[in-house]
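>>> I need the structure of the sequence given here:
(chains A and B)
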2 protein chains.
Amino acid sequence: MRLPPGVSSSDFSDALKQFAEAVGKEWVFTSDADVDLYRDSYSPFWHESEEPIPCAAVAPNNVEEVQKVVRIANTYKIPLWTISTGKNLGYGGAAPLLSGSMVLDLKRMDRVIEVNDKNHYALVEPGVSYFDLYRYIQDKGLKVWIDPPDPGWGSLVGNALERGGGYTPMRDHFDAHCGMEVVLANGELVRTGMGALPNSKTWQQYKYGFGPYVDGIFSQSNFGVVTKMGFWLYPEPEAFLSGSVTVARHDDLFPLVEIFANLMNSGQVQATTTVVSPLTYSRDPQLAALRAKGPREDVERYAAEKNIPYWSVSLPFYGPAKVVAAQWEYAKEKFSAIPAARFQDGASYRFPLSADQLAKIVNPVPFGVPSLQTFSIGGPFSQGHMWFSPIIPMTGEAVLEAQSVFDQVHKDLASESGAPPGFPVWNFFARAFVIIYFFPIEHDVEKNRRNREIFKRLVKESAEHGWGEYRTHTAFMSDVANAYSFNNHSLLRLNETIKDALDPNGILSAGKNGIWPKEMRNTKA
Amino acid sequence: MRLPPGVSSSDFSDALKQFAEAVGKEWVFTSDADVDLYRDSYSPFWHESEEPIPCAAVAPNNVEEVQKVVRIANTYKIPLWTISTGKNLGYGGAAPLLSGSMVLDLKRMDRVIEVNDKNHYALVEPGVSYFDLYRYIQDKGLKVWIDPPDPGWGSLVGNALERGGGYTPMRDHFDAHCGMEVVLANGELVRTGMGALPNSKTWQQYKYGFGPYVDGIFSQSNFGVVTKMGFWLYPEPEAFLSGSVTVARHDDLFPLVEIFANLMNSGQVQATTTVVSPLTYSRDPQLAALRAKGPREDVERYAAEKNIPYWSVSLPFYGPAKVVAAQWEYAKEKFSAIPAARFQDGASYRFPLSADQLAKIVNPVPFGVPSLQTFSIGGPFSQGHMWFSPIIPMTGEAVLEAQSVFDQVHKDLASESGAPPGFPVWNFFARAFVIIYFFPIEHDVEKNRRNREIFKRLVKESAEHGWGEYRTHTAFMSDVANAYSFNNHSLLRLNETIKDALDPNGILSAGKNGIWPKEMRNTKA
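Below is the predicted model of the structure:
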């Protein structure tokens, strides 16, 4: 039997008995075979002793059982690591950060409590996946969309708490949530926002409630166990239209991004897309030679001859057919300020899609349909992946600066093809770009060690450029948290003060996002 | 000399000397004449002993001085009451909740630190008013709009922290903020979101940072003193267009609100407007007689003859001229599902407005121009006002239910004309309606007493209907907080736990939104 750190074998046996009484013995997992399922399939510590291994797992079925589990953990000071569906791939999966933590697995709590298609919201438990909610909505014929992230098997609650993103106008998943129910470390049940009003009629319609708006402190944190969460849904739109803009010169990036930011920030483009450099993606050897040698004018001339744009952005529009058409017309007018900007109409759909139409769409995620199509990524290149995800300003200057930093990373990485030489910047969030940079995981201890070092170096280097990661793999949470060091880490110290007040025994998700229980703070952080 | 509660005269004298050393003696106010300026001009306790009176005021000029003030207050346990510009009219103005508190007045911190018109944001101090920021932007000729609330002399920081609203697509002021700087009760300086990263390039562009997103706990709270705040600005739009929809029958309200909610929730309407009943507003005596007697068909017939709509909604559209035209066309198509719905084109503008155009607009607030025009309200009716502001669902059913509750209030109120008989519901926030109901303040002790009782009764009655207030006058903060009582007030207890951890001496804004320092909790709450 694996033991949690600092817990005696007899105490752990007692605790396991109590967990079994609380949730039923078939929902307490202790055999290696069962517990190993919670390890990180893409661990950067492949075949190394540093890989965090859970000691056991417990899967309650409802809120009362979660309360019991938390109270037992408090009694025996057993570190819990909460997961919803455990699909946080590229960021640690289901595995804890602290080896020996017991996984608190909420996948059995998979109830869709309500979907409202007049005020367009859902209330769900943490075990509800994007597939689950999509099926529920389809079965009832409701005219609302969900906003799935790339893989649809994850949890709405888990994804939003980790601040994941999707593709439709509801793409910022934490922002699209409204109202929470949380079990605190002491077992108390709290409802936030309007949920604190008994019989509230607007728990999923108005976010803030009265007094401090606390929801944010339960995201990317270990301050409580979220057991219900409301989400705003997007009313099924009439149409989708996309159009792409390409420009021919290196310096066209500056006005391209400036116009793009204006369209985004004024609400004319509300969905996720990318700015990319098809030229840096190109594998044309002559182009590569020209790029190495310069001057830039020759590169631009050659690329123009070969019809390879220097930069490209695709614009997605959702809404009434006549509105999206007008938005694309307006965007073309604006981008026409860039000499030689070229435009191409992209996909265009009316909703709902027929089964035939849907079957022909390779990746239906941007149309509110969950999928696992994303798992084509990385497949041929490496044994797994983790993401390096800094936020950079929405300016051409920042994009160029980031490209030069990541060109160096590409040269350094111990992998032939883990990360492409050019890369897109994404607008998963409203007013900034995010880079989702692919770090390969290999079945090779030495390569992984080297790549981990590069990852850590990159956290520091990004911070020096003024860029912070919005999310990271458990293996690097303390590194990233430590980079947010303004005034002698005053934000982290504030978080630690709240942690100690809400979870004095430190039983919840030790180390999550750099926040350690008091007793481990000096040794671990 | 007035004294703070529980502080000796000699201690307070010592503290005042230290405050004077910290901020300069001309910025510590102790004379009755000076300090009375911080009293609530619209106090519902007019000429009563319950009116909270500040003991003194201190006005630091910068962050370091705020830190010193807070540290001195901690030493002497002096209760502070923080205000930005003190213009929270209708909700308590500049006055503290706890009589004898010392006002911490941030009006001197009025620096516009940055306005960026490429990524469309501002970073400001608490003393910056909407007028200040507007002038700054106009002087520099920047192509960005601010979103003023009704009166423009208030603080952006203060208004957002109280969760105020405006009229343009950036109307939810707390939602439109990005990044904070906060002085904690212990004097520590914290920057939130990306601001925790030294030399961050995206403090005003990405909200959440890494780890717990703490900003919300500093809104409607007494957990810290916000000294800087970022705000997203709206890129100057090309055009504005409005159109109104009127319907003739009582029951048309249901589809009217349903279609409206769809347009709002899908982002086709992004700005503030109202659903009103011109019929209930009408003072036609024959109509009033018919309404009293019924049947409803006769009321509808008479109103139709007189051309008085039963319900009306005005739709504001901001954006490119061709887009707003398409949005209005689409809205008309949708509302045409209601038999006999009628449409009228409203105001239409291209921006920027000329000085001549601007001069002709009675209320320029919806066009990003701060104003004091709102002070026409209430003037002829009463000596002041306070607001009762519950959130109700965006459904016709809820609007009717609210009207019946408030009709009774209107009959009960000890005022001839303080509140109109019909009233609009507003969409200051994304997915729900808010009622901003006018409660008169009189120069009459008995009337005020009676109106306060009605206010308290209404808090309870609203809670029974499932509606909570989003904000309230200091006089009723504990009443409202107590209505949010789910699970034996577990959210309030969570807030108190955080309060005790961050402000153990309870020096910051005692009683704010129902949160009292530990020592006063049993007697005051």
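
>>> count of residues packed around A:Arg283?
Residues near A:Arg283, counting by other C-beta atoms under 10 Å in any protein chain shown, number 7. In this view, the C-beta of every residue, glycine as well, is placed from N, C-alpha and C.

>>> typo on my end, it should be A:Gln138
11.

>>> ok, then the element right after the helix or strand containing it?
Assigning secondary structure by DSSP states H and E places A:Gln138 in helix A:130-140. Downstream of helix A:130-140, the next assigned helix or strand under DSSP H and E is strand A:144-145.

>>> so which elements touch that following strand?
strand A:234-235 (3 or more C-beta pairs under 8 Å, 6 or more residues apart in numbering or on different chains; DSSP states H and E).

>>> buried residues, the very next helix or strand once past the strand it packs on. List them.
Counting by DSSP H and E, the next helix or strand C-terminal to strand A:234-235 is strand A:239-247. By 16 or more other C-beta atoms under 10 Å in any protein chain shown, the buried positions in strand A:239-247 come out as A:239-243, A:245-247.

>>> got it, and stretch A:309-329?
A:309-328.

>>> and the strands in the stretch 1-150 of chain A, which stretches?
A:28-29, A:56-58, A:80-83, A:102-105, A:112-116, A:121-124, A:144-145 (DSSP state E, counting those that start in this stretch).

>>> where does the nearest residue in space to A:Gln344 that is not next to it in sequence land on pLDDT?
Once flanking residues are discounted, A:Gln344 sits nearest to A:Ser244: 5.0 Å by C-beta to C-beta, 6 or more residues apart in numbering or on different chains. pLDDT for A:Ser244: 98.

>>> contacting residues around A:Ser244?
Contacts for A:Ser244 were tallied using C-beta atoms under 8 Å, 6 or more residues apart in numbering or on different chains; they are A:312-315, A:343-344, A:346.

>>> just the closest of the residues you listed to A:Val399, please.
Distance to A:Val399, by C-beta to C-beta, is smallest for A:Val313 among the contacts of A:Ser244, at 11.0 Å.

>>> would you mind measuring from the residue nearest to A:Gln344 to chain B?
To chain B, A:Ser244 is 19 Å away according to C-beta to the nearest C-beta, to the nearest Å.

>>> show me the contacts of A:Ser244 that map onto strands.
Secondary structure defined by DSSP state E assigns A:312-315, A:343-344, A:346 of those to strands.

>>> can you tell me which of the residues you listed is closest to B:Gly166?
When the ones in strands among the contacts of A:Ser244 are compared for distance to B:Gly166 (C-beta to C-beta), A:Leu315 wins out at 28.1 Å.

>>> name the SS class of A:Phe455, please.
Following DSSP: H, G, I helix; E, B strand; the rest coil, A:Phe455 is assigned to helix.

>>> doesn't A:Ser389 make contact with it?
No - counting by C-beta atoms under 8 Å, A:Phe455 stays clear of A:Ser389, with 11.3 Å between them.

>>> write out the residues of the stretch 251-400 of chain A neighbouring chain B.
Residues of the stretch 251-400 of chain A lying close to chain B by C-beta under 8 Å from any C-beta of the partner chain are A:258, A:261-262, A:265-268, A:270, A:319-320, A:322-323, A:325-327, A:329-330, A:391-395, A:398.

>>> which ones among those map onto strands?
A:319, A:391-393.

>>> most neighbours out of these, which is it?
Going by other C-beta under 10 Å, A:Ile391 tops those with 31 neighbours.
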